[in-house]
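Got a sequence here, can you build the structure:
(one chain, ligands or ions: 2)
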Amino acid sequence: MGPPAGPGLLLLLLGSLRISAAKYVRGNLSTKEDWVFLTRFCFLSDYGRLEFRFKYPEAKCCENILLYFDDPSQWPAVYKKGSKDCFMKESVIRPENNQVINLTTQYVWSGCQEIKEGETSYLSCNSGRSFRSVRERWWYIALSKCGGDGLQLEYEMTLTNGKSFWTRHFSADEFG
Ligand SMILES: *[C@@H]1O[C@H](CO)[C@@H](O)[C@H](O)[C@H]1NC(C)=O
Ligand SMILES: *[C@@H]1O[C@H](CO)[C@@H](O)[C@H](O)[C@H]1NC(C)=O
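Ligands and ions are numbered 1, 2, ... in the order given. A predicted model of the protein is given here:
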C-alpha cells in the first residue's frame with residue numbers, strides 16, 4: 001500500500017474493492033480426525049494480529065494450534081489430503097518460530113486456564129499472536145493432536161491487518 005490517499009481517491013478505490021471487516025470466524029468442531037484446517041488469512045507485511053478464544057474438554061488434552069505460512073516447505077507441503085499423516089504435517093512446523101500454540105496451561109502464551117462447568121473440566125484459552133513479515137503472506141491455521149482420539153474445540157478468532165483503521169479492516173487478499 002502507498003501513502004495515505006485523500007478522501008476522494010480513497011472512496012474511488014473502495015468502490016472497486018470487495019470490502020469486508022477484519023476476518024472473524026467461529027465454530028464448534030468435533031471430529032475423529034487428528035488434524036484439521038480451521039481458516040486462512042492474508043497478512044500484509046507490516047503488522048498483523050490474531051486474537052483467539054478456544055475452549056475444549058480437558059479430557060481431550062492436549063491439542064495444538066499450528067500456524068503454517070505460504071512458503072513451499074510449509075502449507076503447500078502438507079495441504080494435499082491423504083498424502084501426509086498428522087505427524088508429517090506437524091514436522092514442517094518450527095516451534096522455535098512460534099508456529100505452535102500448545103493449548104495447555106504449561107504454555108503460558110496460549111492463555112489457557114482450567115475451568116469447571118458442572119462436572120466437566122475445560123481448558124479455556126484466551127490470547128493473541130502478532131505477525132510480522134517482509135511481504136504479504138498467507139497464513140493457514142490448523143488444529144492437531146497427532147495419534148489422539150479426535151479433536152474437539154469451540155473457537156473464535158479475529159484476524160486483522162495493521163494498526164491503522166484503514167489497514168485493520170481488510171485482509172490483503174481483498175485488494176485488487
Ligand atoms: C460444542 O459441541 C459440544 C460437543 O459436540 C457440545 O457439548 C457443546 O455444548 C457445544 N458448544 C456450543 C457452544 O455449542
Ligand atoms: C507443543 O506441541 C508440539 C506439537 O505437538 C510439540 O512438539 C511440543 O513439544 C509441544 N510443546 C510443549 C511445550 O508442550
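
element containing Ile65?
strand 64-69 (DSSP states H and E).

Apologies, that question was intended for Ala142.
strand 137-144.

export that strand as CSV, just CAs?
The C-alpha atoms that make up strand 137-144 are tabulated as CSV, following Å, rounded to 0.1, in the frame of the first residue of the first chain:
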residue,chain,number,x,y,z
ARG,A,137,1.8,-13.8,3.3
TRP,A,138,-1.0,-16.2,3.6
TRP,A,139,-1.1,-17.9,6.9
TYR,A,140,-3.1,-21.2,7.4
ILE,A,141,-4.3,-22.2,10.8
ALA,A,142,-4.8,-25.8,11.7
LEU,A,143,-5.6,-27.9,14.9
SER,A,144,-3.9,-31.1,15.8
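
Tell me which helix or strand comes right after that strand.
According to DSSP H and E, the helix or strand after strand 137-144 is strand 151-161.

from the chain's centre, how far out does that next one sit?
Relative to its chain's centre, strand 151-161 lies at 7 Å (Cα atoms, centre = their mean, to the nearest Å).

who does that strand pair up with?
Paired with strand 151-161 in the same sheet, following DSSP bridges, are strand 23-31 (antiparallel), strand 48-57 (antiparallel).

Could you check the angle the shortest one makes with strand 137-144?
Pointing back at strand 23-31 there. 30 degrees (axes from the mean of the first three to the mean of the last three Cα atoms, to 10 degrees).
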